[in-house]
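> I'd like to go over a predicted model; first the sequence, then the structure.
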Amino acid sequence: MNIAKNLLQIKTELPETVRLLAVSKLQPESRIWAAYHKGQRIFGESRAQELLPKHANLPKDIEWHFVGHLQINKLKQIAPFIDTIQSIDSLKLLETADRAAGKFNRKINVLLQVHIAQEETKFGFSFDEIEDFFKSGLFLSFENLTFSGLMGMATLTDDREQIRKEFNSLAVLFQKIKADYFAWNDTFKELSMGMSGDYPIAVEEGCTMVRIGSKIFGAR
C-alpha cells in the first residue's frame, strides 16, 4: 500500500476549495505517520478509545476530527483536544459537548449530521429538524461551540444518481442555512460529504471536505 502515492493522486483530483480528511480509524500509527510525512494534517477517528492513544503519541499539530457515532459519556475524554466533531446527531449531544468544552475553557467546532441516506442504520437530524433548530435561534445559546457546517453520508449503493440526489439535497440545505443564519460571518463554512467510493460526486455537488480512508490507507 503506497500511502504517499494514494495521497498525491487524491489531492490532484480535489479542487483547492475542498479539504481532505484522512479517515484513520482502525489504522496503525505507522500509517498515519506515513501520511503525516507527506503533509497530511487532518485526520478522522470514530472511537474515543482509539483516538486517545493516537493523540498522545502523534504530533500535536494534527487536526483531529471525530467522525463516528459519539457516545455522550466519551465526550469529556476528547474535549480537551478535539478540533471538530462532525457527527453531532442530537440536541443532547450538543448540550453535553458545550458543557465539556466549557470545562476546558475552549471552543469546539461542530458539524450537524443530517440523515440523507435511505438506510435507517445511519444517524442524523432530519431536514426539518435542522431547519427548526436554526429557526428557533437555539444555536445562539451554545457559548463553547462553533457551528461550522453540515455533514452527511449517502446511501451505500451503486446507483450514482441516487447518491447525487442525496448530496445535492444536503448542499441545498447547507446553502440555505448559511444564507439565512450566517450571512454576517464565515464560521459556517464546511459541507462534509463524500467518502472513498463516492467523493467525486460530492465534489461535483459542492462539498468543502471529503472523508477518505481506504483509498488512502487500504483495507482495515
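Received, thanks. Numbers count the residues shown, from 1 in each chain.
> use CA for all of it now, contacts and neighbours both
Will do.
> make sure residue 146 is indeed in a strand.
Yes: Residue 146: assigned to a strand according to DSSP: H, G, I helix; E, B strand; the rest coil.
> was I right to think it contacts residue 101?
No: Residue 146 is beyond contact range of residue 101, at 10.7 Å (criterion: Cα atoms under 8 Å).
> shared neighbours, those two?
Shared contacts of residue 146 and residue 101, defined by Cα atoms under 8 Å, 6 or more residues apart in numbering, comprise 107-108.
> so those two - more neighbours on which side?
Counting neighbours by other Cα atoms under 10 Å for residue 146 and for residue 101 shows that residue 101 has the greater number, 23 against 18.
> what about that one, which SS state?
helix.
> verify the stated contact: it with residue 110.
No: contact criterion Cα under 8 Å: residue 101 and residue 110 do not qualify, at 11.3 Å.
> what do the two both touch?
Among the neighbours of residue 101, those also in contact with residue 110 (Cα under 8 Å, 6+ apart) are residue 145.
> packing partners of the helix or strand harbouring residue 64?
Residue 64 is part of strand 63-66, with elements assigned from DSSP states H and E. Of the remaining helices and strands, those touching strand 63-66 by 3 or more Cα pairs under 8 Å, 6 or more residues apart in numbering; DSSP states H and E are strand 42-45, strand 84-88.
> out of those strands, which one sits most buried?
strand 84-88 (a mean of 25; mean count of other Cα atoms under 10 Å).
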